[in-house]
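Undergrad: 3D model of this:
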Amino acid sequence: MEIALKRAIRNNNHGEIAHWEEELSEYNEAFQVSGFAHPKIIIYTNREPYRPRLSVWGLVPHWAKTPESIWNKTINARGETIFEKPAFKKSANEKRCLIPAEGFYDYYYFRGKSYPFYIYHKEKKPLLFAGLWDEWTDRGTGEILNSFSIVTTKANSLMAKIHNRPKLSNDARMPVILPENMADEWLNPLSREELQKLIKPFPDSELTAHTVKKLLGKDSPGNVREANKKYNYKELEFQNKIDEVV
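TA: Numbers count the residues shown, from 1 in each chain. The predicted structure follows:
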């Protein structure tokens, strides 16, 4: 919520600030979420660039029979193929969005176990992910579902070290993070060539990361800010070397 308000304040739009506070007064900000749970997240669309909208994570294209038939496959969208895949190509051309976040999680694999890392801006600035969105209409009720997908790209050196899932080999990925002064470009009418220039790894010199407690299970802190707090695993040497790549 703080990120959304800052965006409205930055644009000195008092009407939108009031609208935001009224519309989302009952919204509980999530500190750790899984795309597979299809939570509602704040996004900014190219249709209304400065008005926050709650949207379901997992893009449901307008032609889908049901959300459940596709949204587990559309949590992320590979930036290299968004103009080719049926689920994404219309949105890539016409419906793009920004997803604000304080940071994000990824897993490091070591000796058969996974360890969650929290990745965020070194100066704790908000991150803006490039996204695609769409509207799906329930033919039975007429209800409209807004949904989105996060666009991904090749990992930078920091993320390549963290995102080391064995099956990925050399295909480590990360969200497309847009610099603040370029974020609105993603929402503008641009050619494919111009958009592809925005789909690139965010400089690892501007990011940092640390291990956190397990996000699931009895030892998880739950959906609270403390979930982002640093937690050391004695068996994990990599957490002590993270400064070598940032």
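Undergrad: any weak-confidence spans in the protein?
TA: 1-32, 166-169, 217-218, 220-224, 237-246 (pLDDT under 70).
Undergrad: how about the helices in it?
TA: Listed in chain order, the helices of the chain (DSSP state H) span 2-10, 14-23, 89-94, 157-162, 192-196.
Undergrad: verify the stated contact: H210 with L236.
TA: No - here H210 does not reach L236: they are 11.0 Å apart, not a contact under CB atoms under 8 Å. In this view, the C-beta of every residue, glycine as well, is placed from N, C-alpha and C.
Undergrad: got the end-to-end distance for stretch 84-100?
TA: 26 Å (CA to CA, to the nearest Å).
Undergrad: any buried residues in stretch 160-175, and which?
TA: 160-164, 172-175 (16 or more other CB atoms under 10 Å).
Undergrad: now that stretch - C-alpha only, PDB.
TA: Once non-C-alpha atoms are left out, stretch 160-175 reads as follows in PDB (Å, rounded to 0.1, in the frame of the first residue of the first chain):
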ATOM      1  CA  ALA A 160      22.200 -16.500 -11.400                       C
ATOM      2  CA  LYS A 161      24.000 -17.500  -8.200                       C
ATOM      3  CA  ILE A 162      20.800 -17.600  -6.200                       C
ATOM      4  CA  HIS A 163      18.400 -19.100  -8.800                       C
ATOM      5  CA  ASN A 164      20.500 -22.300  -9.200                       C
ATOM      6  CA  ARG A 165      17.800 -24.900  -9.500                       C
ATOM      7  CA  PRO A 166      19.600 -28.000 -10.900                       C
ATOM      8  CA  LYS A 167      17.100 -28.500 -13.800                       C
ATOM      9  CA  LEU A 168      17.600 -25.000 -15.000                       C
ATOM     10  CA  SER A 169      21.200 -25.500 -16.100                       C
ATOM     11  CA  ASN A 170      22.100 -22.200 -17.700                       C
ATOM     12  CA  ASP A 171      18.600 -20.800 -17.900                       C
ATOM     13  CA  ALA A 172      18.400 -18.900 -14.600                       C
ATOM     14  CA  ARG A 173      15.700 -16.200 -14.800                       C
ATOM     15  CA  MET A 174      14.600 -13.100 -12.900                       C
ATOM     16  CA  PRO A 175      11.700 -10.600 -13.100                       C
END
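Undergrad: can you list contacts of that stretch?
TA: 76, 78, 104, 106-109, 117, 119, 127, 129-130, 150-156, 159, 201-202, 209, 238, 245 (CB atoms under 8 Å, 6 or more residues apart in numbering).
Undergrad: take those residues and keep only those in strands.
TA: 76, 78, 104, 106-109, 117, 119, 127, 129-130, 150-154, 209 (DSSP state E).
Undergrad: residues near the nearest residue to G79 once chain neighbours are set aside, how many?
TA: Among residues not flanking G79 along the chain, I199 sits closest, at 3.7 Å (CB to CB, 6 or more residues apart in numbering). Look at I199: counted by other CB atoms under 10 Å, it has 18 neighbours.
Undergrad: quick one: contacts for I199?
TA: Counting by CB under 8 Å, 6+ apart, I199 has contacts 79-80, 130, 151, 153, 176.
Undergrad: need the phi and psi values for it.
TA: phi -90, psi 90 (degrees, to the nearest 10).
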